[in-house]
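**Q** Have a look; sequence and predicted model below, questions after that.
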Amino acid sequence: MNIIDNFLNRITMYRLVLYYLLVLLGAAGVFGLFGILPYSPADLLFSTLIILVSCWASNTLFSRIFGAVPNVESVYITGFILALIITPVGPTSVTGIGFLIFASVWAMASKYIFALGKKHIFNPAAFGVVLSALVIGQSATWWVAGNYALLPFVLLGGLLITRKIHRFDLVLSFSIVSLATIALTTSGTSPFTALLQTFSHSPFFFLALVMLTEPLTMPPIRLLRFIYGALVGLLFAPNIHLGSFYFSPELALLIGNVFAYAVSPKGRFMLTLLEKKEIAAGTYELIFSPDRPLAFRPGQYLEWTLAHSPSDARGNRRYFTIASSPTESTVRLGVRVYEPESTFKRALKDMKIGDVISVSSLAGDFTLPKKSRKKLVFIAGGIGVTPFRSMVQYLVDTKDTRPAVLLYSNKMASEIAYREVFDRAGQEIGLQTLYALTDEPSAVPGTYAGRLDATIIAKEIPDYKNCTFYISGPHGMVEAFKSTLIGMGVSRFNIKTDYFPGFA
């Protein structure tokens, strides 16, 4: 598992999905070559190229018309998904080529024409094929899901994606409701046979693990994701219908997208840089003014899109926690820059006052409990302190004096960020803070020399079994502290860990 986790932590979610889809297409080409699949590698390659060119050209056109920042990765991802669910055709199939182009163009159009507040509502690939079925009578066959040879690739790669983005809750709710509905509504065959066919010859796995889990079109918090997954799962069942109208998998997903949009923060925000400063060694804070008020809960995150060229393999999108409190009028971003720095963070550092960055997809469950008076314990490692800056500033501004402790670990004293916020919170609301330094060569007043461990936690927080713990930092550190706390007898239900899609 360590090898898998290390791999997943070094790659962004979008790049993982892109590689996964490429592997599926490559495997399909090989199987087609040996007659295991009924599609020739030439037809598969031709169809994929037609789709990619159509997607790229239409996305470029729409982005210029609407003045949006294009994202090449998403274009390729949508194109590859279309290539995997629309039957491959050869150069002589005029109707087939027309279907490929029509679905591709409208998939891209859905991100611009059918968008509200600069945020698209629908899964692009699903929209493209649904509109094709309605307008030109051509439907997706989901051929990627109808062959035993490809099933292991679909399943294993899809599970890696779901593990990467920590959305097993969503997949679980979809699976439970869809399978239960299929078993209860089957006719002319046994429930066991119906479920077996669902696993082996339906889009079940590909839809659940790849398309349903797209971050931009899912709800922001866990409870709403459960409902979203259940809704799509119910409509996915083939015998669910309204009169003579039966739902297709892609239409079920689009209806779920409408629900997700209805319960999610609306639109895309444009942030204008007001100030930029280094707040600790290698850590920078950028302060932005939003184009309209941004409502969020302390500890939530955003997807940040910054156009820059050339960009490295990780692209021009990142997920970062909001460091500011909802009580502040500005939006703060705290980032740690490591060597060699990514092109994205270099572009962030190079932003000038007045430059604009685009943000969307507000989400996250790593938030303060609304009413509980149980003691809060924040454990932070390095730049993982940003959600706690948001939470603590919120507690200060709202004069919330619930008991809280911050255990903040860094290598050197120079790496401590937001110390003035935490020290002020100690004076105004009684926040207890322990700054732990692991590699500082000499003693620093007001800090602890050494690593945070079970002994220090028990010493600083004698009633730790009755506390709610929040852990944020590098993946390895988060998992280590989670194991430590469980080993100390802390309930898993009292441990919350920070996570957002694309973390790497």
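**A** Cool, the structure landed.

**Q** rest of the way, CA atoms for contacts and neighbours
**A** Will do.

**Q** Confirm for me that Val396 is in contact with Gly430.
**A** No - applying C-alpha atoms under 8 Å as the test, Val396 and Gly430 come out as separate, 9.6 Å apart.

**Q** Compare neighbour counts for those two and give me the winner.
**A** Using other C-alpha atoms under 10 Å, the more surrounded residue of Val396 and Gly430 is Val396, with 22 against 18.

**Q** so who does that one touch?
**A** Contact partners of Val396, counting by C-alpha atoms under 8 Å, 6 or more residues apart in numbering, are 425, 428-429.

**Q** Other residues contacting stretch 331-348?
**A** Under the contact criterion C-alpha under 8 Å, 6+ apart, stretch 331-348 has outside partners 271, 282-290, 306, 308, 310-312, 315-317, 320-324, 383, 386.

**Q** meant to ask about stretch 433-450, not that
**A** With C-alpha under 8 Å, 6+ apart as the criterion, stretch 433-450 contacts 405-413, 422-423, 426, 451-452.

**Q** Just the buried residues of the contacts of stretch 331-348.
**A** 271, 283-290, 306, 315-317, 320-324, 383, 386 (16 or more other C-alpha atoms under 10 Å).

**Q** what helices or strands is the helix or strand harbouring Ile161 leaning on?
**A** Assessed by DSSP states H and E, Ile161 sits inside helix 151-165. Applying 3 or more C-alpha pairs under 8 Å, 6 or more residues apart in numbering; DSSP states H and E, we find helix 151-165 packed against helix 13-33, helix 204-206.

**Q** go again using 6 Å as the cut-off
**A** Contact partners of helix 151-165 among helices and strands, from 3 or more C-alpha pairs under 6 Å, 6 or more residues apart in numbering; DSSP states H and E: none.

**Q** right, and the helix or strand after it?
**A** helix 168-185.

**Q** list the buried ones in that following helix?
**A** 168, 170-175, 177-179, 181-183.

**Q** Between these, which sits nearest Gly473?
**A** Phe168 (21.4 Å; C-alpha to C-alpha).

**Q** which residues does that closest one contact?
**A** By C-alpha atoms under 6 Å, 6 or more residues apart in numbering, the contact set of Phe168 is empty.

**Q** Could you pull up the mean pLDDT of the longest strand seen in the chain?
**A** The residue-count maximum for a strand in the chain (DSSP state E) belongs to strand 269-280. The average pLDDT for strand 269-280 rounds to 95.

**Q** do stretch 213-225 as well
**A** 90.

**Q** if we can go back for a sec, so the helix holding Ile161 versus helix 168-185, what angle?
**A** Using axes from the mean of the first three to the mean of the last three C-alpha atoms, to 10 degrees, the direction of helix 151-165 lies 140 degrees away from that of helix 168-185.

**Q** Pull out the buried residues from helix 151-165.
**A** In helix 151-165, counting by 16+ other C-alpha under 10 Å, buried: 151, 153-155, 157-162, 164-165.

**Q** now for those, which pair is the farthest apart?
**A** Greatest spatial distance in the buried residues of helix 151-165: Leu151 and Ile165, 21.2 Å, computed using C-alpha to C-alpha.

**Q** Please save the CA atoms from the helix or strand encompassing Tyr228 in PDB.
**A** Taking DSSP H and E as the definition, one finds Tyr228 inside helix 222-236. Provided in PDB are the C-alpha atoms of helix 222-236 (Å, rounded to 0.1, in the frame of the first residue of the first chain):
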ATOM      1  CA  ARG A 222     -20.400  14.300   2.500                       C
ATOM      2  CA  LEU A 223     -24.200  14.200   3.300                       C
ATOM      3  CA  LEU A 224     -25.000  15.800   0.000                       C
ATOM      4  CA  ARG A 225     -22.700  13.400  -1.900                       C
ATOM      5  CA  PHE A 226     -24.600  10.500  -0.400                       C
ATOM      6  CA  ILE A 227     -27.800  11.900  -1.700                       C
ATOM      7  CA  TYR A 228     -26.200  12.600  -5.100                       C
ATOM      8  CA  GLY A 229     -24.900   9.100  -5.400                       C
ATOM      9  CA  ALA A 230     -28.200   7.600  -4.300                       C
ATOM     10  CA  LEU A 231     -30.200   9.700  -6.900                       C
ATOM     11  CA  VAL A 232     -27.900   8.700  -9.800                       C
ATOM     12  CA  GLY A 233     -27.900   5.100  -8.600                       C
ATOM     13  CA  LEU A 234     -31.700   5.000  -8.500                       C
ATOM     14  CA  LEU A 235     -32.100   6.400 -12.000                       C
ATOM     15  CA  PHE A 236     -29.200   4.200 -13.300                       C
END
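
**Q** Tell me the helix or strand right after it.
**A** Toward the C-terminus from helix 222-236 - assigned by DSSP H and E - lies strand 241-242.

**Q** Show me how far that following strand is from its chain's centre.
**A** 32 Å (C-alpha atoms, centre = their mean, to the nearest Å).

**Q** separation between the nearest residue to Gln138 once chain neighbours are set aside and Leu44?
**A** With C-alpha to C-alpha, 6 or more residues apart in numbering as the criterion, Gln138 has its nearest non-adjacent residue at 5.6 Å, and that residue is Ser132. Per C-alpha to C-alpha, to the nearest Å, Ser132 is found 20 Å from Leu44.

**Q** in the chain, what spans have low per-residue confidence?
**A** 1-2, 5-6, 9-10, 313-314, 500-504 (pLDDT under 70).

**Q** could you give the angle of the lengthiest helix in it to helix 13-33?
**A** Secondary structure of the chain read by DSSP state H shows that its longest helix is helix 41-66. Relative orientation of helix 41-66 and helix 13-33, computed by the same axes, to 10 degrees: 150 degrees.

**Q** Which neighbouring elements make contact with helix 41-66?
**A** helix 72-85, helix 94-109.

**Q** run the last query once more with 7 Å
**A** helix 13-33, helix 72-85, helix 94-109 (3 or more C-alpha pairs under 7 Å, 6 or more residues apart in numbering; DSSP states H and E).

**Q** In that helix, which residues are buried?
**A** Neighbour-count burial for helix 41-66 [16+ other C-alpha under 10 Å]: 41-48, 50-56, 58-60, 62-63.

**Q** could you dump the helix holding Ile161 to CSV, C-alpha only?
**A** What follows is helix 151-165, C-alpha atoms only, in CSV (Å, rounded to 0.1, in the frame of the first residue of the first chain):
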residue,chain,number,x,y,z
LEU,A,151,-13.1,-5.2,-16.9
PRO,A,152,-9.9,-5.5,-14.7
PHE,A,153,-8.5,-2.4,-16.2
VAL,A,154,-11.7,-0.4,-15.7
LEU,A,155,-12.1,-1.7,-12.1
LEU,A,156,-8.5,-1.4,-10.9
GLY,A,157,-7.8,2.0,-12.4
GLY,A,158,-11.2,3.3,-11.3
LEU,A,159,-10.5,2.2,-7.7
LEU,A,160,-7.1,4.1,-7.8
ILE,A,161,-9.0,7.2,-8.8
THR,A,162,-11.5,6.8,-6.1
ARG,A,163,-8.8,6.2,-3.5
LYS,A,164,-6.9,9.2,-4.8
ILE,A,165,-9.9,11.6,-4.3
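
**Q** Show me which parts of stretch 214-224 are buried, residue by residue.
**A** Across stretch 214-224, burial judged by 16+ other C-alpha under 10 Å covers 214-221, 224.

**Q** brain fart, stretch 101-121
**A** 101-112, 114, 118-121.

**Q** so how far is that stretch off the chain centroid?
**A** Distance, centroid of stretch 101-121 to centroid of chain: 20 Å (C-alpha atoms, centre = their mean).

**Q** CA atoms only: put that stretch into CSV for me.
**A** C-alpha atoms of stretch 101-121 as CSV (Å, rounded to 0.1, in the frame of the first residue of the first chain):
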residue,chain,number,x,y,z
ILE,A,101,-18.1,15.4,-34.0
PHE,A,102,-21.5,16.4,-32.8
ALA,A,103,-21.0,14.8,-29.3
SER,A,104,-17.5,16.3,-29.0
VAL,A,105,-18.6,19.8,-29.9
TRP,A,106,-21.6,19.8,-27.6
ALA,A,107,-19.6,18.2,-24.8
MET,A,108,-17.3,21.3,-24.9
ALA,A,109,-20.2,23.6,-25.4
SER,A,110,-21.8,22.5,-22.2
LYS,A,111,-18.9,24.0,-20.2
TYR,A,112,-19.6,27.4,-21.7
ILE,A,113,-23.1,27.8,-23.1
PHE,A,114,-24.7,25.7,-20.4
ALA,A,115,-22.9,27.3,-17.5
LEU,A,116,-24.1,29.6,-14.8
GLY,A,117,-21.8,32.1,-13.1
LYS,A,118,-18.9,30.7,-15.2
LYS,A,119,-19.4,27.3,-13.6
HIS,A,120,-20.5,24.4,-15.8
ILE,A,121,-23.4,22.3,-14.5
